[in-house]
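[1] Make a model of this:
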Amino acid sequence: MSTKILKGLALAGLASTAMACSTQSDVEITFYGYPDNDPPSADIAYDCGRGYTAGGTGTYSDPLTFASAPGEFDKCEIIYLPYLRKYLRFEDTCAQCTTDYKDGKRHIDIWTGSTTSSGGDTQIDCEDDLTPDDSQTLILSPAHSYTVNSGKLFSDGTCHTSNTYSSADASSYCSSGSSSSSSSSSSSSSCAWEGHCAGASCSNENDCSGDLTCKSGKCA
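    Presented below is the predicted three-dimensional model:
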């Protein structure tokens, strides 16, 4: 076999490894938006297909902007965050994230809006309310079919803390969502949150995976 072919196979193997779904734990999650961006605006560092403007709803085709330290992620890299049930894309830099990264601590800052106007102190207070007390786990090289909540985090002066999932379990995502088969994708989409599938105990719909709702104390 020629050297060129061997090199090609080696590169293909590396690409396959790089694309494998994996998790990154112990990540600090914070939020930012128009009023506390630097300068106050929706401007971002990288153009990943929608100009140098932050945005996104959190679907795979329209991922929500996140900022981090340069080099911590590939530019325009898409990840998934179970805490929000959203896909995020690395489109901006973050000064505190950079300091933390140099100290060996992983940190991402997630966009809350708006692209045109500032929510002022109300929005900044909302960002604090959205921030989880504990570090979170990211899904790297995620499957495209995970359950998504595309609801806004802050809009019209209202903070949507109900669009967060503090008890999200990231342990099952790569094992259940990395398969390319249609049956695995369907299973991941309908119940990507292990322990919160049909029949699990619940107190409200936020306790249930995907499109499941809480009925009589059980996810269904």
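
[2] can you map out the helices along this protein?
    3-18, 95-102, 120-130, 173-177, 182-190 (DSSP state H).

[3] which one of these has the lowest average pLDDT?
    Among those, helix 182-190 carries the lowest mean pLDDT, a mean of 34.

[4] isn't residue 137 right up against residue 24?
    Yes. Using Cβ atoms under 8 Å, residue 137 is in contact with residue 24, at 6.7 Å. Bear in mind the C-beta positions are built from the backbone N, C-alpha and C, glycine included.

[5] what about the spatially closest residue to residue 100 that is not a sequence neighbour, distance to residue 151?
    Leaving aside its chain neighbours, residue 100 sits nearest to residue 107 (4.3 Å; criterion: Cβ to Cβ, 6 or more residues apart in numbering). As judged by Cβ to Cβ, to the nearest Å, residue 107 and residue 151 stand 24 Å apart.

[6] go on, residue 113?
    For residue 113 relative to residue 151 (Cβ to Cβ), the value is 12 Å.

[7] repeat for residue 90
    Distance from residue 90 to residue 151, by Cβ to Cβ: 22 Å.

[8] The two: who's more crowded?
    Counted by other Cβ atoms under 10 Å, residue 90 and residue 151 do not tie: residue 90 has more neighbours, with 25 against 14.

[9] Quick check: bridge partners of that one?
    residue 66 (DSSP bridges).

[10] I'd like to know how far it sits from residue 63.
    Residue 90 is 9 Å from residue 63, by Cβ to Cβ.

[11] Leaving out sequence neighbours, find the closest residue to residue 153.
    Nearest to residue 153 is residue 112, by Cβ to Cβ, 6+ apart, at 4.5 Å.

[12] so how many other residues sit close to the one you found?
    Residue 112: 26 surrounding residues under other Cβ under 10 Å.

[13] Low-confidence ranges, this structure, go.
    1-18, 176-196, 199, 205, 209-211 (pLDDT under 70).

[14] again, only this time at 50
    1-18, 176-190 (pLDDT under 50).

[15] Which residue ranges of it form strands?
    22-32, 64-68, 78-81, 86-93, 106-111, 136-140, 154-155, 158-159, 214-215, 218-219 (DSSP state E).

[16] by how many degrees do the first one and strand 64-68 diverge?
    Translated: strand 22-32. Strand 22-32 runs at 90 degrees relative to strand 64-68, counting by axes from the mean of the first three to the mean of the last three Cα atoms, to 10 degrees.

[17] And strand 22-32, how far out from the chain middle?
    9 Å (Cα atoms, centre = their mean, to the nearest Å).

[18] How about it, which residues are buried there?
    Buried residues in strand 22-32, counting neighbours by 16 or more other Cβ atoms under 10 Å, are found at 23-24, 27-32.

[19] What distance do you get for residue 161 to residue 41?
    25 Å.

[20] who's more crowded, these two?
    residue 41 (15 against 12).

[21] Contacts only, for that one.
    residue 34 (Cβ atoms under 8 Å, 6 or more residues apart in numbering).
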